[in-house]
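*Asks:* sequence and predicted structure, then a few things I'm wondering about:
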Amino acid sequence: MKLFSRLVKDESGQGMVEYGLIIAVVALVALVGLTAFGGELAAFFTGLGARLTP
């Protein structure tokens, strides 16, 4: 029981877990955004590249 109470009070890895969760949420939002707008982005960059080519 002593070990369990010590582990519950230990917060040494809390910061890393929070950063990991933030990175996971950002990656998920980026994945959803690229999936939703991937075709439009590809067409945009293709058109932009055609305009830049002399």
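*Replies:* Great, that's in hand.
*Asks:* against Ala27, how distant is Gly33?
*Replies:* Gly33 is 11 Å from Ala27, where distance means CB to CB, to the nearest Å. Bear in mind the C-beta positions are built from the backbone N, C-alpha and C, glycine included.
*Asks:* average pLDDT for the longest helix seen in the chain, rounded please.
*Replies:* In the chain, with assignment by DSSP state H, the single longest helix is helix 14-52. Taken as a whole, helix 14-52 has a mean pLDDT of 92.
*Asks:* show me what counts as buried in that helix.
*Replies:* Buried positions in helix 14-52, judged by neighbour count with 16 or more other CB atoms under 10 Å: none.
*Asks:* can you offset everything so residue one is 16?
*Replies:* I'll keep to 16 as the first residue from here, and by that count the last item is helix 29-67.
*Asks:* now that helix, how far from the centre of its chain.
*Replies:* In terms of CA atoms, centre = their mean, to the nearest Å, the centre of helix 29-67 is found 8 Å from the chain centre.
*Asks:* got it, and stretch 61-68?
*Replies:* Here stretch 61-68 is found 29 Å from its chain centre; the criterion is CA atoms, centre = their mean.
*Asks:* what does stretch 54-69 give?
*Replies:* Distance of stretch 54-69 from the chain centroid (CA atoms, centre = their mean) equals 26 Å.
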